[in-house]
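Peer 1: return atomic coordinates for the entry below.
(one chain, ligands or ions: 1)
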Amino acid sequence: MKIGILAVQGAFSEQETVLEQLHIPYQEIRCEKDLQERFDGLIFPGGESTVQGKLLRELNLFHPLLHMIQNDIPVLATCAGMILLAQKIDGQNAPYFKTIPMDVKRNAYGRQLGSFRTAAKYKNLGEVPMTFIRAPYVLSAGPGVSILSQTGQHITAVQYRRQTALAFHPELDKDLRIHQNFLEMCARA
Ligand code: GLN
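Peer 2: Numbers count the residues shown, from 1 in each chain. From the prediction side, this is the model:
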């Protein structure tokens, strides 16, 4: 098993730490030649989606990664990663991969609540700790999108085909079950 971690910007090293704890091999994806490897799954980390989106195009990573997602490689996307997958981004007219039929709102919690920790129910896992950092939430989810978690009124985790998108950062908490679920999906795929 080998996981590719998008490593052009943002919180990729925290994802690497989780995979190290779980003894799962990974490779950073920084340029086209990193995609010569065969991956069983992809991780899109948190960070700044506008910067990541720009770099994906400049580094010629956008189309090969899009092709992999369209071919149903398992993806775990957190925060900025969730934004990259959304079909629509509220108030922004150029979305990125558009591989999940959902509408997301960036920096959705306002300044006061820009970053916070909480815990909420997550499908099949019970309560999980959640760290939000200038996070998005899902305004609406289209057909085929299953809702994995809601925090207060807002949808904060979804699954579509083999893509799992989270508004929060499970890599910053000790609970590794979301990563374990994703890795099980990678092993089955
Ligand atoms: N606010 C960032 C964005 O809009 C996402 C923040 C994060 O990934 N923690 O891209």
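
Peer 1: tell me the contacts of the most centrally placed residue in the chain?
Peer 2: Centrality entry for the chain: nearest residue to the mean C-alpha point is residue 77, 0.8 Å, by Cα atoms, centre = their mean. By Cβ atoms under 8 Å, 6 or more residues apart in numbering, residue 77 lies in contact with 43, 44, 84, 85, 163, 164, 165, 166. To be clear about C-beta, it is placed using only N, CA and C from the backbone, and glycine gets the same treatment.

Peer 1: of all those residues, which comes closest to the ligand?
Peer 2: When the contacts of residue 77 are compared for distance to the ligand, the smallest value, 8.5 Å, is given by residue 84; criterion: Cβ to the nearest ligand atom.

Peer 1: can you tell me the SS state at the closest one?
Peer 2: Reducing the assignment to helix, strand or coil with DSSP: H, G, I helix; E, B strand; the rest coil, the entry for residue 84 is helix.

Peer 1: surely residue 66 meets residue 99?
Peer 2: Yes: using Cβ atoms under 8 Å, residue 66 is in contact with residue 99, at 7.3 Å.

Peer 1: neighbour-wise, which of those two wins?
Peer 2: When neighbours are counted by other Cβ atoms under 10 Å, residue 66 and residue 99 differ, and residue 99 comes out ahead with 21 against 15.

Peer 1: how far away is that one from residue 43?
Peer 2: According to Cβ to Cβ, to the nearest Å, residue 99 stands 15 Å off from residue 43.

Peer 1: for the contacts of residue 77, pick the one with the most neighbours.
Peer 2: Sorting the contacts of residue 77 by how many neighbours each has (other Cβ under 10 Å) puts residue 44 first, at 32 neighbours.

Peer 1: show me what that one bridges to in the sheet.
Peer 2: residue 77 (DSSP bridges).

Peer 1: for it, which residues are in contact?
Peer 2: With contact taken as Cβ under 8 Å, 6+ apart, residue 44 is in contact with 6, 52, 75, 76, 77, 78, 80, 81, 84, 85.

Peer 1: where's the third one relative to residue 170, distance?
Peer 2: From residue 75 across to residue 170, the span is 14 Å (Cβ to Cβ).

Peer 1: check the last one too.
Peer 2: Distance of residue 85 to residue 170, computed by Cβ to Cβ: 16 Å.

Peer 1: quick one: the strands in the chain?
Peer 2: Taking DSSP state E, the strands of the chain run over residues 3-6, 26-29, 41-44, 75-78, 86-89, 100-105, 115-122, 126-133, 137-141, 146-151, 154-160, 163-166.

Peer 1: quick one, which of those gets closest to the ligand.
Peer 2: Taking Cβ to the nearest ligand atom, strand 126-133 is the member of the strands of the chain nearest to the ligand, at 3.9 Å.
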